[in-house]
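[1] Fold the following for me, if possible:
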Amino acid sequence: MGVISQQGFRFKLVANGTQLDTFSDEEIFLSNNVTGLFDIGVLPADFTRQITIPGSKVNNAFFEHVYDISIDSPFLFATNVKVSCYLDFDGIYVSQGYLQLNKVNVIANKFIDSYEITLYGALSSFARDINRLYLTDLDSLAQFNHTASVANITASWDNNLFSGSIVYPFADYGSGWKYTNDALTNGIDDSEGAITTQDYKPAIRVKEVWDAIFEKTGYTYSSNFFTQSWLDDVYMNCNYALKYPEFSGVDLETYGVAKWGPLSGSGWTDRTLSAGVVEYLPWYNTQIDPQAFIGDGASYRVERPTKLSGEISLNVRVSGSNSNVPAFYLYAIDVNTNATGSYQTLATINNFYDQVHYAAGSGGVNRTDISTQAFTTGVIPPGEYYFKLQYLNQYTPSGGMTVTLDPNGQPKSYISIKKVKQAGDYRIMDIPSNMPYGTAGIKLVDFILGIQKKFNLVIYPDNTKQNHFIVETFNDWYNKGEIKDFNKYINLDDNIEVIPANNLAVNKLNFGDTLDTDYVSQQFYKGANREFAKQYYIDTQNFFSQGEFNVKTAFASSPLIYVDGTGVSGSIGGYTPPAASCYRYRFGPAIASGWVNWTNCDGTPDTQYVNIYDTLTIDCAQTGTVTGIGPVTQLTSCS
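    Predicted coordinates for the structure are as follows:
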């Protein structure tokens with residue numbers, strides 16, 4: 001709609017409380033098109049116009065002789081600061097926003113002819129502000145900072161952490177959790193593989209982020225939509241980077257990660273071990289150590305009380321009688337005090353030798369094998385530690401076999417630390433630093449657009465309150481519409497073109513989120529040939545509809561997957577391990593002979609006398625039911 005002076009209607013331009021003078025023939029085109037309500041991310045947004053105003057006394061005083069570089073008092077008009085303004089046209093349309101001075105036209109170097117300015121609507125101003133800031137810039141979200149601890153994580157599940165504004169979902173961010181153990185992965189159902197504080201990332205209520213954006217940019221809003229109670233259950237994961245949260249001063253992705261093994265010709269290839277001796281492993285071949293945790297003499301640094309999860313692989317030749325097999329133990333010994341920081345039975349490796357040697361039958365044994373297993377230590381105090389290895393004769397203490405580590409000069413053994421399990425405990429969880437970042441930062445405008453499209457919202461400036469917006473659903477906005485008579489502003493003698501709305505209808509509507517690059521989303525896309533949660537609608541009523549319209553948010557939806565070993569769905573219930581008909585136990589190494597007691601499947605008690613290093617097969621008894629002497633190591637089930 002063109003508003004021109006000859007029709008008797010004038011607009012008023014008011015900036016910082018001053019009504020500026022305008023040319024009588026200045027023409028302003030106003031538009032309040034419904035599409036502008038959804039184009040907050042496209043600049044210009046609701047209203048942007050360039051106009052020229054005269055060099056009048058009022059205007060010159062307002063702009064403070066900005067053109068004259070010889071004047072420094074009073075302070076000149078600041079061209080880098082937003083100046084609030086609004087347009088009032090006959091009391092019908094009021095455009096809130098700000099102006100920018102572009103150019104001053106001077107005659108004879110002494111008279112100001114005119115000022116060229118740009119007027120920005122409030123929505124356009126808001127769009128500019130949120131287009132240069134990122135989610136990580138929302139420093140007001142620091143009100144939700146807290147200590148990363150099991151207590152706070154579990155409290156959040158009952159809405160007891162910031163009244164539910166922060167919760168910790170149970171989600172795997174790339175650790176590859178399994179419920180039960182295998183050779184290289186400790187299950188999360190036992191103490192060795194248990195999930196720790198750093199495995200959890202917080203999620204924040206979406207409304208808290210929305211409010212923080214308006215606070216950051218100095219705007220306010222009112223909305224019936226955001227007062228609905230169900231929005232209390234709408235959260236966004238604070239998933240900044242990879243597997244672990246972001247903590248100041250530490251990178252948990254590689255913290256404590258290390259791998260080292262023997263060097264060829266170092267004296268630790270073709271190394272014959274002595275039964276019962278705890279032997280130092282001078283493995284100087286550092287293969288992985290991004291944060292320099294491996295020290296002199298192949299020691300390993302522990303900075304805080306923690307468990308260590310890792311992996312050990314042994315390249316071993318066993319020769320001699322097959323009536324005996326080696327049993328290995330791993331120690332972490334303090335370099336300075338010689339105290340044992342951790343003692344670990346390598347049960348998986350020991351079970352391997354029990355199966356391939358002892359179970360092989362009569363005859364001699366001379367074979368080389370590489371066996372690998374995951375391990376988790378007990379809590380180790382801070383200090384420098386050597387890892388040491390011991391083997392015992394599993395069946396006959398007197399020996400009868402030779403055990404050689406890394407035979408034939410092949411340094412294939414190694415030890416690795418994959419995770420310092422308490423590395424995240426009691427650090428400060430800084431929420432702004434953990435806001436989603438993507439690959440190059442996520443702008444506030446993308447978040448606002450995502451919410452707007454997700455819930456079909458319209459955002460428009462309040463015509464009576466500066467820097468204030470109204471946010472509501474499209475249906476609510478549409479139902480509140482009023483009928484206005486604009487005939488007096490239109491020259492009815494001109495040709496008027498009317499296009500039936502049906503002619504603008506599209507045939508296909510596609511609603512969905514953005515396809516993420518995570519593994520689960522990509523696998524779903526490959527299998528289903530569509531993005532997860534995408535929906536399609538086809539118009540079958542309008543014969544003339546054509547084309548396609550896509551509504552895509554800036555968010556990503558990902559299908560849930562179950563943790564390996566827990567069943568098809570987490571809603572089914574707890575996991576029950578399959579029953580075994582019997583279990584095999586070994587008693588040693590630091591015990592005397594004695595009686596062992598257990599309970600059979602039918603509930604009857606049973607007992608048997610065993611000697612040190614004996615292996616006992618017990619029907620229907622599990623670890624924990626066997627008492628009498630110890631320690632007791634469950635080697636395997638024999639179902």
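[2] what are the ranges of the helices in this structure?
    Assigned by DSSP state H, the helices in the chain fall at 57-63, 122-130, 150-156, 206-217, 347-356, 444-454, 474-479, 519-528.
[3] check contacts around the most centrally placed residue in the chain.
    A centroid search over the chain (Cα atoms, centre = their mean) returns Asn239, at 1.8 Å, as the residue closest to the centre. Residues near Asn239 by Cβ atoms under 8 Å, 6 or more residues apart in numbering: 173, 201, 434, 436. C-beta coordinates here come from the backbone N, C-alpha and C atoms, glycine included.
[4] before we move on, the earlier item: of the helices of the chain, which is nearest Leu141?
    The minimum distance between Leu141 and the helices of the chain falls on helix 206-217, with 5.3 Å, by Cβ to Cβ.
[5] That closest one relative to helix 444-454, how many degrees between them?
    Computed by axes from the mean of the first three to the mean of the last three Cα atoms, to 10 degrees, the angle separating helix 206-217 from helix 444-454 equals 140 degrees.
[6] So which elements touch helix 206-217?
    Judged by 3 or more Cβ pairs under 8 Å, 6 or more residues apart in numbering; DSSP states H and E, helix 206-217 is in contact with helix 122-130, strand 235-237, helix 444-454.
[7] contacts for the last one?
    Put plainly, it is helix 444-454. The contact list for helix 444-454, computed with Cβ under 8 Å, 6+ apart, reads 38, 40-41, 127, 129-131, 133-135, 137-138, 206, 209-210, 213, 216-217, 457-459, 551-555.
[8] Okay, domains of the protein per the record?
    Annotated domains of the chain cover 2-129, 135-251+427-442, 268-413, 497-556, 582-637 [automatic domain parsing].
[9] With distance to Lys480 and mean pLDDT added, can I get those domains in a markdown table?
    Formatted as a markdown table, the domains of the chain follow (distance: least, Cβ to Cβ, whole Å; pLDDT from 0 to 100):
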| stretch | distance to Lys480 | mean pLDDT |
| --- | --- | --- |
| domain 2-129 | 13 | 69 |
| domain 135-251+427-442 | 11 | 91 |
| domain 268-413 | 59 | 88 |
| domain 497-556 | 20 | 80 |
| domain 582-637 | 68 | 54 |
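[10] and of those domains, who's closest to Pro262?
    Ranking the domains of the chain by their distance to Pro262 (criterion: Cβ to Cβ) puts domain 268-413 first, at 4.1 Å.
[11] picking up where we left off before, buried only: go through the contacts of helix 444-454 for me.
    Listed as buried from the contacts of helix 444-454 are 38, 40-41, 127, 129-130, 133-135, 137-138, 206, 209-210, 213, 216-217, 457-459, 552-555; burial here means 16 or more other Cβ atoms under 10 Å.
[12] hmm, back to that, just among the contacts of Asn239, which is most surrounded?
    In terms of neighbours by other Cβ atoms under 10 Å, the contacts of Asn239 top out with Asn434 at 23 neighbours.
[13] Next, the contact list for the nearest residue to that residue once chain neighbours are set aside, please.
    Nearest-residue entry for Asn434: Cys238, 4.1 Å, with adjacent residues in sequence omitted and distances by Cβ to Cβ, 6 or more residues apart in numbering. By Cβ under 8 Å, 6+ apart, the residues touching Cys238 are 201-204, 245, 431, 434-436.
[14] Check Thr136 too.
    Residues near Thr136 by Cβ under 8 Å, 6+ apart: 240, 432-433, 435, 437, 441.
[15] The same query, at a cut-off of 6 Å, please.
    Going by Cβ atoms under 6 Å, 6 or more residues apart in numbering, Thr136 touches 432, 435.
[16] now swap in Asn324 and tell me
    Counting by Cβ under 6 Å, 6+ apart, Asn324 makes contact with 393, 395-396, 400-401.
[17] Show me the two of those residues that sit farthest apart.
    Comparing all pairs in the contacts of Asn324 by Cβ to Cβ, the longest separation belongs to Tyr395 and Met401, at 10.0 Å.
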